[in-house]
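Q: Predicted model and sequence below, questions to follow.
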Amino acid sequence: MTILNILKYPNPELKQISTPVTDFDSQLDHFIQDLEQTRQHGPAAVGIAAPQVGCFQRIIIIDVSSRKNTHNHGHLILINPEITEWDGYVIGREGCLSVPDYTGNVIRAETIKLQALDPNGQTLEFTMQGFEARALQHELDHLDGLLFIDRLVSRRTDLFQRQPKKSKKSKTSK
């Protein structure tokens, strides 16, 4: 497995719209393994979309199961996902592997119904809410050439620079 390079804003390729997956073969399986390895390598990444690594096909991986008190469907590999219904709106903070230095407040649907295919081409349907719904919508935007910064509530008041992580100083004996 390979850790793939993440495209970073302002790379214009991030604006490209992805095409549906039509071939469910070993090449797709291999790419999904690399995409998952890349997601796991990212800092606290709960999701990743194929366009973030320069593959412009409609493939998403999300897994919010590590978040406490978060209703979820576990580790999901979603091919050609589509939101079929949504309800309610809520503002929440988002970050992104492709925009590593910023977070921002974005309005998303609170509950969604989703239809997608699994890596074998079998139909999947989910109802998602809360953080899982937010993560899915965030990754789905990547497939349509959008970043969370394109959906900020206000560019003036709702974009925040990430604070650098403080390194722990090691104690040395003298």
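A: Arrived safely.
Q: correct me, but G92 touches E132?
A: No - counting by C-beta atoms under 8 Å, G92 sits too far from E132 to count as a contact (12.0 Å). Using the backbone N, CA and C atoms, a C-beta is placed for each residue, glycine as well.
Q: Just say helix, strand or coil for Q33.
A: For Q33, the assignment made with DSSP: H, G, I helix; E, B strand; the rest coil gives helix.
Q: Quick check: closest non-adjacent residue to F24.
A: Distances taken as C-beta to C-beta, 6 or more residues apart in numbering place G121 nearest to F24, at 4.3 Å, with adjacent residues excluded.
Q: Tell me how many other residues surround that neighbour.
A: When neighbours are counted by other C-beta atoms under 10 Å, G121 registers 13.
Q: change the start of the numbering to 3 and stick with it
A: Yes, from this point I'll number from 3; that puts the last item at G123.
Q: Is it in a helix, a strand, or coil?
A: On the basis of three-state DSSP, G123 is classed as coil.
Q: about what we covered before: who's more crowded, G94 and E134?
A: E134 (26 against 14).
Q: what's the helix or strand for the more buried one?
A: helix 132-145 (DSSP states H and E).
Q: Contacts for that helix, please.
A: If you take C-beta atoms under 8 Å, 6 or more residues apart in numbering as the criterion, helix 132-145 is touched by 16, 19-20, 48-54, 60, 62-64, 66, 69, 72-75, 80, 83, 85, 92, 94, 96, 98, 100, 108, 110-114, 116, 130, 149-150, 152-153.
Q: Only whichever of these are buried, select them in PyMOL.
A: Selection of buried members from these for PyMOL, criterion 16 or more other C-beta atoms under 10 Å:
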select buried, resi 16+20+48+49+50+51+52+53+54+60+62+63+64+66+74+75+80+83+85+96+98+100+108+110+111+112+114+116+130+149+150+153
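Q: what are the pairing partners of the lengthiest strand in the chain, and which direction each?
A: Across the chain, the strand with the greatest residue count (assigned by DSSP state E) is strand 78-98. Paired strands of strand 78-98, with direction, are strand 61-64 (antiparallel), strand 101-119 (antiparallel) (DSSP bridges).
Q: The shortest one: how far from the chain's middle?
A: What it means is strand 61-64. 7 Å (C-alpha atoms, centre = their mean, to the nearest Å).
Q: Equivalent analysis for the last one, please.
A: Centroid displacement of strand 101-119 relative to its chain, using C-alpha atoms, centre = their mean, is 8 Å.
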